[in-house]
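Participant: The following comprises the amino acid sequence and a computationally predicted model.
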There are 2 protein chains.
Amino acid sequence: MRIGELSRRTGVSVPTIKYYVREGLLPAGQLTSPNQASYDATHERRLKLIRALIDIGGLSVAGIREVLAAIDDRERPVHEMLGAAANRVVPRYTDEPGPGIAASRAAVEQLIERRGWRAAAGGQAGEALAVALAALAEVGHAEFTTVLDTYADAAERVADADLAYVAHSVAREDLVESTVIGTVLGDAIFGALRRLAHIDASARLFGTLTEASPGPEGAPPAPGPDADTAGRPG
Amino acid sequence: MRIGELSRRTGVSVPTIKYYVREGLLPAGQLTSPNQASYDATHERRLKLIRALIDIGGLSVAGIREVLAAIDDRERPVHEMLGAAANRVVPRYTDEPGPGIAASRAAVEQLIERRGWRAAAGGQAGEALAVALAALAEVGHAEFTTVLDTYADAAERVADADLAYVAHSVAREDLVESTVIGTVLGDAIFGALRRLAHIDASARLFGTLTEASPGPEGAPPAPGPDADTAGRPG
DNA sequence: CCATCATAGATAGTCCCACTATCAGATAGC
DNA sequence: GCTATCTGATAGTGGGACTATCTATGATGG
């Protein structure tokens, strides 16, 4: 197919497709003449993946480039790739950590020890956790750590389910892609489920449905795009 | 205290503090003379909260403005606020949903029914879930829905823990703030825990520690900022 | 009391990111 | 032949989050 059809099938504009090719997210089409290229199903699939990572996962173009590089690198052994794919996805914390970070790191180490996890506390995920816990303490919610073990229980269940799902993949390429998708889109999905569960829990507590109530700007209760401006920039 | 000290205490530059005041995130200081204002502990706390929502939660300034408006609005009843605070946080999906969205919406409705959740499927959280599921189907991973119930189990546990934590708050203001913090920072914390659990699970499967292995760009295994560029833009 | 420093408030500028517009030259397919 | 479409390149746009600069004023310390 030519670029126009690829655009129609994916809903991504032709200039944007070219932009993704320039940025290295999407391989160029097969040139059939100096100014004509053909694209196939792999391009379509890749393009849909890119859009999902941007729209649902909130990843940046640079982040997607690294994720896709991990998917496409067939040299690395599978278990390394799994770690790498997960690592690609950790948000970066540029500014210097505050003073409470040492205590938070210790808490992370203890948690990992306590749960018997075979994971390095100093890795990216552990460090991200430590930074988040330190921030929590900074805003006066150090008490929140009391729920950490419940969170960890839930995370274990989710991780086991993810691994079981990923294990279905036959081809190695599928396996890594499944990991990426499970990690990135799984975050979004779990976040939505968590919010639904919050709504249910507070409904049980307070006896009212709260989700459909319009906010200050009068968000419609019906499905569809609304005026909400919170969230991760696309 | 004056603005300089506020800046020193929070690590936020003076022009940035002024910017937050302009943007309505932070109340202006109490003017003691035409060109002199004093700030107190509430400003410091609020500023730290803003930075946490930006750095850890990845919220935009516009999103934070709405979240803080919900916190500061003392008129709304508590249970509405809980829903609103959660709603503020749902990412927006601007582009038109694909053709599979109808099936995904039905799946969400069934899930809510199945779990007996008192939540509207058409609300923001439900719609976000439907969009994410539709995207999953688009990239050929419709099978992922088989783990949905496991995710929902985990989400229920997390939500119960969150509510129990929030119930500790005595003052109504604290209650809403706890909800916001729990929702936004809790997402980040759970995400990090999930990644640690992934690492552990794949270590158990493949017998290797994968987290500390350097990526393609040679990310350091030690704590501290690194070259990773993936993640939510700040 | 005066020099030096910090401050309020305002406006303009910067940098990055994710596109988007325009163009020239060439080709597809009728 | 004619028109819609394409490639490849370069430049421009709009939004977001700051950041720099400036003026006029007040605070502080010797």
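Facilitator: In hand now; what should we look at? Treat the numbers as computed from the prediction; the structure is a model and nothing was measured. Residues are numbered from 1 along each chain as shown, chains lettered A, B, ... in the order given.

Participant: chain center to stretch A:147-167: distance?
Facilitator: Distance of stretch A:147-167 from the chain centroid (Cα atoms, centre = their mean, to the nearest Å) equals 15 Å.

Participant: My error: substitute stretch A:59-79 in the last question.
Facilitator: That offset, for stretch A:59-79, works out to 13 Å (Cα atoms, centre = their mean).

Participant: and it, does that touch DNA strand C?
Facilitator: Yes: Stretch A:59-79 is in contact with DNA strand C by Cβ under 7 Å from any atom of the strand, via A:60-62. Every C-beta, even on glycine, is put in place using the N, C-alpha and C of the backbone.

Participant: Next one: the host helix or strand of A:Phe190, is it in contact with chain B?
Facilitator: A:Phe190 belongs to helix A:172-206 when assigned by DSSP states H and E. Yes: using Cβ under 8 Å from any Cβ of the partner chain, we find that helix A:172-206 touches chain B at A:178, A:181-183, A:185-206.

Participant: Can you tell me the closest non-neighbouring residue to the residue nearest to the spatial centre of chain A?
Facilitator: The centroid of chain A falls nearest to A:Val184 when counting by Cα atoms, centre = their mean (2.4 Å). Nearest residue to A:Val184, sequence neighbours excluded (Cβ to Cβ, 6 or more residues apart in numbering or on different chains): A:Gly57, at 3.8 Å.

Participant: Look at the one you found and give its secondary structure.
Facilitator: coil (DSSP: H, G, I helix; E, B strand; the rest coil).

Participant: Is it correct that it is in contact with A:Asp187?
Facilitator: Yes: here A:Gly57 reaches A:Asp187: they are 7.1 Å apart, a contact under Cβ atoms under 8 Å.

Participant: When these two are compared, which one has more neighbours?
Facilitator: Each of A:Gly57 and A:Asp187 has its neighbours counted (other Cβ atoms under 10 Å in any protein chain shown); A:Gly57 has more, 27 against 22.

Participant: Can you read off the pLDDT for that one?
Facilitator: As predicted, A:Gly57 sits at a pLDDT of 91.

Participant: ok, back up a step: let me know the distance separating the residue nearest to the centre of chain A from DNA strand D.
Facilitator: Distance, A:Val184 to DNA strand D, using Cβ to the nearest atom of the strand, to the nearest Å: 21 Å.

Participant: surely that residue meets A:Asp55?
Facilitator: No: counting by Cβ under 8 Å, A:Val184 does not reach A:Asp55; the two are 11.0 Å apart.

Participant: Look up how far chain B lies from A:Val131.
Facilitator: Between A:Val131 and chain B the computed distance is 7 Å (Cβ to the nearest Cβ, to the nearest Å).

Participant: swap that for A:Asn35, please
Facilitator: A:Asn35 sits 30 Å away from chain B, going by Cβ to the nearest Cβ.

Participant: domain ranges for chain A?
Facilitator: A:3-82, A:83-206 (automatic domain parsing).

Participant: Compute the mean per-residue pLDDT across the helix holding A:Phe190, please.
Facilitator: Rounded mean pLDDT across helix A:172-206 is 87.

Participant: what does stretch A:15-22 give?
Facilitator: 98.

Participant: Quickly check: the helix or strand that contains A:Arg65 near chain B or not.
Facilitator: A:Arg65 belongs to helix A:61-72 when assigned by DSSP H and E. Yes: applying Cβ under 8 Å from any Cβ, one finds helix A:61-72 in contact with chain B at A:62-64, A:66-67, A:69-70.

Participant: Same list (those residues) but as JSON lines, adding neighbour count and distance to DNA strand D.
Facilitator: Below are these laid out as JSON lines (neighbours: other Cβ atoms under 10 Å in any protein chain shown; distance: Cβ to the nearest atom of the strand, whole Å):
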{"residue": "A:Ala62", "neighbour count": "16", "distance to DNA strand D": "14"}
{"residue": "A:Gly63", "neighbour count": "25", "distance to DNA strand D": "16"}
{"residue": "A:Ile64", "neighbour count": "24", "distance to DNA strand D": "17"}
{"residue": "A:Glu66", "neighbour count": "23", "distance to DNA strand D": "21"}
{"residue": "A:Val67", "neighbour count": "29", "distance to DNA strand D": "22"}
{"residue": "A:Ala69", "neighbour count": "16", "distance to DNA strand D": "21"}
{"residue": "A:Ala70", "neighbour count": "23", "distance to DNA strand D": "25"}
